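Enquirer: Kindly generate the corresponding structure for this input.
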Amino acid sequence: MQTTATDVLEAYRKKNKAVRPPSDEKLRDAARHQLQRAASDKQLHEDDKPQAEDEGGSDGDTEDDDEGENRGKRRAPRNSKQNGKISAKTLRYYTGTWKAMLNTTKKRFRGYVVFTNPFPSTEDHMDEAMALISEVKAEFEADGRMFDPGRSVPSSWELNFG
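Expert: Got it, this is the predicted structure:
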């Protein structure tokens, strides 16, 4: 049996056209289309402005100021938790050394989750989490880092995480 060598590139080019850059005409059309769209978006935004803004009565606190190039388009609703209640069960409650200590503890607990128990439950593994908090706090104190006496990890954490 005799086999013949096939030029792979030649076989590919028989089936597929060679890649070419776009022609000058297509580039001009694309640029013209972009300019027309930008002009129409600008016109839409100017039509939506209230009359008070045109007269100089605006105080500069409009929401449209930060929309950038998405002007004239409706935004999706935002469901941010930033305005939610701040409680001792959230990291936002703590400041300074407490926050740094809790972030370090979170990193170590992630290691525990990865290497020891990928599916910890609150009821069964709260002891490990509390032991890590105590361990990291002791390390921070040994390093001479001072904790704000007004903020502490509440003992109620052991009870209810629902």
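Enquirer: Domains in the protein, by residue range?
Expert: For the chain, whose domains are defined here by automatic domain parsing, the residue ranges read 22-53, 91-158.
Enquirer: Out of those domains, which is closest to residue 14?
Expert: Counting by C-beta to C-beta, residue 14 lies closest to domain 22-53 out of the domains of the chain; the figure is 23.7 Å. All C-beta atoms are positioned from the backbone trio N, CA, C, and that covers glycine.
Enquirer: pLDDT averaged over that closest one, what's the number?
Expert: Domain 22-53 shows a mean pLDDT of 77.
Enquirer: and if you look at stretch 101-116?
Expert: Averaging the model's pLDDT scores along stretch 101-116 yields 89.
Enquirer: Can you list the neighbours in contact with it?
Expert: Contacts to stretch 101-116, defined as C-beta atoms under 8 Å, 6 or more residues apart in numbering, come from residues 91, 94, 120, 128, 129, 132, 133, 136, 137, 140, 147, 153.
Enquirer: Among those residues, which ones are in helices?
Expert: With helices taken from DSSP state H, the overlap with the contacts of stretch 101-116 comprises 128, 129, 132, 133, 136, 137, 140.
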